[in-house]
Structure formats: C-alpha cells, structure tokens
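Enquirer: This is the structure alone, sequence omitted:
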C-alpha cells in the first residue's frame, strides 16, 4: 500500500464540507491504491476498478440503513441526515423510513 496521504484537519471548526472533502479524498486514495495493488499482481486495472466500486456499492447498501437508524437513535433529524447524504429529506424518509421513526428528531424504539 502506498503511504496514506495526510488530509489537513483543523483542531476545531470542521464543517460538513470539510468532513466530506476528507472522506472523499480518503476513499479516492483507497480505491486508487487497491486498483494499483491488483494491477501490480497482473489483474486488469479496468476490471479491478469495477470490482472496487462494486464492493463499495455493496458496503453502502449493507451499512447505510443501519447508519441512518443509529443517527435517528442519536436524535439526528431527517434534515441533518439528508444534508450529510446530499439527498432530499423526503427521499431519505421514503427510502429509510422503515428503519427509523418518521417523527422529526425522535429516537426510534430500541
């Protein structure tokens, strides 16, 4: 693996855009690194990239509903979660409402 790049983080005052930029950069580095490692082992880099992206998509499908449920348990509003996920709150509620309560800000039952 190549050395992980340093992503500058302020000691305080990170906003959602800062966190998104750090996460995007880290995931791009990880994807590129895995593709490079697979290519070094003789695997077609185009197919390696597809494998990496498909794996990320599978992880997203598995993990996102639970992450939304935990956010709702922690009293995050649908609007808060929608802002982070960059999708409309109504879409978010429709997609994940079965995993969490629809009352704004109310934690779900354990």
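Expert: Yep, it's here. Predicted, not measured: the structure shown is a model, and the values here were computed from it.
Enquirer: Most remote residue from the middle of this protein, which is it?
Expert: residue 42 (29.5 Å; C-alpha atoms, centre = their mean).
Enquirer: Let me know the distance separating it from residue 21.
Expert: 34 Å (C-beta to C-beta, to the nearest Å). The C-beta positions use only the backbone N, C-alpha and C, and glycine is treated the same way.
Enquirer: circling back to that earlier point, quick one: pLDDT of the residue farthest from the centre of the chain?
Expert: Note on residue 42: pLDDT of 97.
Enquirer: Could you look up the SS state of it?
Expert: Counting by DSSP: H, G, I helix; E, B strand; the rest coil, the backbone at residue 42 sits in coil.
Enquirer: Which single helix of this structure contains the most residues?
Expert: For the chain, the helix that runs over the most residues, judged by DSSP state H, is helix 45-73.
Enquirer: What residues sit buried inside that one?
Expert: 48, 49, 52, 68, 69, 71, 72 (16 or more other C-beta atoms under 10 Å).
Enquirer: Next SSE downstream of it?
Expert: helix 78-85 (DSSP states H and E).
Enquirer: tell me what that next one is packed against?
Expert: helix 16-40, helix 45-73, helix 89-96 (3 or more C-beta pairs under 8 Å, 6 or more residues apart in numbering; DSSP states H and E).
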